[in-house]
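Asker: Curious how this folds, go ahead:
(chains A and B)
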There are 2 protein chains.
Amino acid sequence: MAKELVFGHQNPDTDAIAAAIAASYYLNKKGMDTEAVALGKPNDETKFALDYFKVQAPRVIEKADTKEVVLVDHNEAAQSVSNIADLTVTHVFDHHKIDFKTSAPLFYHAEALGSTSTILFTFFERDGIEIPKPIAGMMLSALISDTLLLKSPTTTDVDRKIIGKLAAQAGVSDIDDFGIHLLKAGTNLSKKTDKELIDGDAKSFELAGKTLRIGQVNTVDIPEVLTRKDGIKKEIEAEIASDGYNGFLFVITDILNSNSKALYYGSDEDKIAAAFGQTLTANSLDLPGVVSRKKQVVPPITEQFK
Amino acid sequence: MAKELVFGHQNPDTDAIAAAIAASYYLNKKGMDTEAVALGKPNDETKFALDYFKVQAPRVIEKADTKEVVLVDHNEAAQSVSNIADLTVTHVFDHHKIDFKTSAPLFYHAEALGSTSTILFTFFERDGIEIPKPIAGMMLSALISDTLLLKSPTTTDVDRKIIGKLAAQAGVSDIDDFGIHLLKAGTNLSKKTDKELIDGDAKSFELAGKTLRIGQVNTVDIPEVLTRKDGIKKEIEAEIASDGYNGFLFVITDILNSNSKALYYGSDEDKIAAAFGQTLTANSLDLPGVVSRKKQVVPPITEQFK
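Answerer: This is a model prediction of the structure:
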């Protein structure tokens, strides 16, 4: 029989890949027969982590060919495999807002911790299951990635407590040094096309019948990214036209100074601006102190569309 | 500041009340300031447990007057407080199917264990928090109630493992003897009016835009309940007319022999019958081996309405 597939969201980030690998290992230790896969190729940051800890990238799927699946780091159908409606979800490990519906009970654990890998660590610990060194390394990378080295407001005391344990298990002695190298590996935007830039980490959100696309890139130089504004605008408008989005918000985050700027194209400009108490100037928004899409971008926008 | 309210579903059963009491105690031990309340008065079975363990019934509310709440033993808006859409849910402990949507991350733990009280026990154990004797007694009662003394197909190995620990902590030496007394306390239907009979444990389910009401009573004598069929039919039809349900399924369960009969009134008769591979005879369905609404009634009906 085919192994039950375990996967994170489309456009996978490091946590989506690491949590799939960790959850699959954990569930197999609990007696299941699962395989970690991914809904896209690893990004540059994730590649850095996979290389560093000598872990093979999970194979990429678009549709799941098993009847039962495990979701990590997401729960919304719009961010999952294309045939999610035909599948039975048996487990969810996630740290996002919830928009989820099933016809039978299942295992579902969501908690507002910094990364899904943090959540999985608590289950490994609870059940006394040792985490192999390469998997601990991937989980450490995911925690650093999702919390921007514990600087994001999504960071919790649990994350702060766990990061040292994961580093020790992964054989990483200088967390800050490793973390800066990891994060910087994800900021090399110059070799990306404008389309790759906006698609890299973008997710769709269903808000009162409308579909909003929200992308985010990390950088150490926001002005450099903004020199590409015309190209970015063109690609976003093309994507809105082809994929039927109502709007596209592109967040550019300075990971060293914990600030963002955003570009917005689409309908409901007033709502997007109001979400941040601003007006749009040349499609641009200043987002001082904003680094977390999940905690600082999606909730205020969701409120506006209620 | 008002305490954050913790509550189970409308028409509370023993698990809805016990899990609210247990979750409130657990969360307070974790540093929160919560109060267990209920969305209805305790039923006869719950009253037996409350009396036995000398626990006061939680006060009854219909609307929550705090901004933040904790849900136990349910997650669907239709089964919750009337103003649930205006509230922020901070925690969910549940063992039912999921139909849930939020605008921010939260703590959500669902697991297909026999009772929500079983789930809470695993968290008490994980965090090394001792359960006071009366609360252990209520949790034991809830586990017995929801699993019909471990006979329901919803029973898991975790329930079988935990029941002895809860009984020891509650000071109950003969689980079977206590359990039979508890379950029988809930089967005294003779003093209930026909309306009380159908409303007792009924829950609403939203299925493809339709609202189906599903009630269940436990008995040791199905034919005795069926002598009241005319009165039951009258009350169900009145409720469909007044509350706008599309249908009402009333399940009568023999807790000693693990069988059920059901009466159905409303539209989509064919779908209800097909869910159990039968045709309706005089609005009646035979459900051999069926004791669990959650596992054996709701999922096949949900499938039919997909």
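Asker: Run through the strands of chain A in chain order.
Answerer: A:4-7, A:34-36, A:68-72, A:88-94, A:99-101, A:107-110, A:203-207, A:210-219, A:247-254, A:259-266, A:284-287 (DSSP state E).
Asker: The second one - which strands sit beside it in the sheet, and in what orientation?
Answerer: Right, strand A:34-36. strand A:4-7 (parallel) (DSSP bridges).
Asker: what about the helices in the stretch 101-250 of chain A?
Answerer: A:116-126, A:133-147, A:157-170, A:175-185, A:194-199, A:222-226, A:229-243 (DSSP state H, counting those that start in this stretch).
Asker: Point out the most buried one among those.
Answerer: helix A:133-147 (a mean of 27; mean count of other C-beta atoms under 10 Å in any protein chain shown). C-betas here are computed from N, CA, C, even on glycine.
Asker: thinking again about what came up before, for the helices of the stretch 101-250 of chain A, give me JSON lines that also has mean pLDDT.
Answerer: Converted to JSON lines, these look like this (pLDDT from 0 to 100):
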{"stretch": "helix A:116-126", "mean pLDDT": "96"}
{"stretch": "helix A:133-147", "mean pLDDT": "97"}
{"stretch": "helix A:157-170", "mean pLDDT": "97"}
{"stretch": "helix A:175-185", "mean pLDDT": "94"}
{"stretch": "helix A:194-199", "mean pLDDT": "93"}
{"stretch": "helix A:222-226", "mean pLDDT": "94"}
{"stretch": "helix A:229-243", "mean pLDDT": "96"}
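Asker: among these, which is nearest chain B?
Answerer: helix A:116-126 (5.4 Å; C-beta to the nearest C-beta).
Asker: Please find the angle between the direction vectors of the closest one and helix B:116-126.
Answerer: 80 degrees (axes from the mean of the first three to the mean of the last three C-alpha atoms, to 10 degrees).
Asker: ok, back up a step: export the strands of chain A to CSV and append columns for mean neighbour count and mean pLDDT.
Answerer: As requested, the strands of chain A are exported to CSV (neighbours: other C-beta atoms under 10 Å in any protein chain shown; pLDDT from 0 to 100):
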stretch, mean neighbour count, mean pLDDT
strand A:4-7, 26, 98
strand A:34-36, 23, 98
strand A:68-72, 24, 97
strand A:88-94, 22, 97
strand A:99-101, 19, 94
strand A:107-110, 22, 97
strand A:203-207, 19, 90
strand A:210-219, 21, 94
strand A:247-254, 24, 96
strand A:259-266, 21, 96
strand A:284-287, 16, 95
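Asker: Redo these as JSON lines? Include distance to A:D176.
Answerer: Below are the strands of chain A laid out as JSON lines (distance: least, C-beta to C-beta, whole Å):
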{"stretch": "strand A:4-7", "distance to A:D176": "31"}
{"stretch": "strand A:34-36", "distance to A:D176": "28"}
{"stretch": "strand A:68-72", "distance to A:D176": "27"}
{"stretch": "strand A:88-94", "distance to A:D176": "27"}
{"stretch": "strand A:99-101", "distance to A:D176": "36"}
{"stretch": "strand A:107-110", "distance to A:D176": "29"}
{"stretch": "strand A:203-207", "distance to A:D176": "29"}
{"stretch": "strand A:210-219", "distance to A:D176": "17"}
{"stretch": "strand A:247-254", "distance to A:D176": "18"}
{"stretch": "strand A:259-266", "distance to A:D176": "20"}
{"stretch": "strand A:284-287", "distance to A:D176": "25"}
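Asker: Figure out which of the ones you listed is closest to B:G179.
Answerer: Minimum separation from B:G179 across the strands of chain A (C-beta to C-beta) falls at strand A:107-110, 26.7 Å.
Asker: could I have that closest one exported to PDB, CA atoms only?
Answerer: Output of strand A:107-110 as PDB, limited to C-alpha atoms (Å, rounded to 0.1, in the frame of the first residue of the first chain):
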ATOM      1  CA  PHE A 107      -6.100  14.600  15.100                       C
ATOM      2  CA  TYR A 108      -5.700  18.300  14.900                       C
ATOM      3  CA  HIS A 109      -3.100  20.300  16.900                       C
ATOM      4  CA  ALA A 110      -2.700  24.000  16.300                       C
END
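Asker: hmm, that strand in reach of chain B?
Answerer: Yes - shown here: strand A:107-110 in contact with chain B (C-beta under 8 Å from any C-beta of the partner chain) through A:F107, A:Y108, A:H109, A:A110.
Asker: And the second one, how close does it get to A:P299?
Answerer: Going back to what we said before, that points to A:Y108. Distance of A:Y108 to A:P299, given as C-beta to C-beta, to the nearest Å: 20 Å.
Asker: cool, and the first one?
Answerer: Distance of A:F107 to A:P299, given as C-beta to C-beta: 26 Å.
Asker: got it, and the third one?
Answerer: In this structure, A:H109 and A:P299 are 21 Å apart, going by C-beta to C-beta.
Asker: Also A:K101?
Answerer: Counting by C-beta to C-beta - A:K101 and A:P299 are separated by 21 Å.
Asker: Then A:G171?
Answerer: 37 Å.
Asker: ok, these two, which is more surrounded?
Answerer: For A:G171 versus A:P299, neighbours defined as other C-beta atoms under 10 Å in any protein chain shown are more numerous around A:P299 (17 against 12).
Asker: ok, now which ones touch the closest residue to the more buried one other than its chain neighbours?
Answerer: Closest residue to A:P299 apart from its sequence neighbours, by C-beta to C-beta, 6 or more residues apart in numbering or on different chains: B:A104 at 4.7 Å. Going by C-beta atoms under 8 Å, 6 or more residues apart in numbering or on different chains, B:A104 touches A:K97, A:A112, A:K295, A:P299, A:T302, B:T88.
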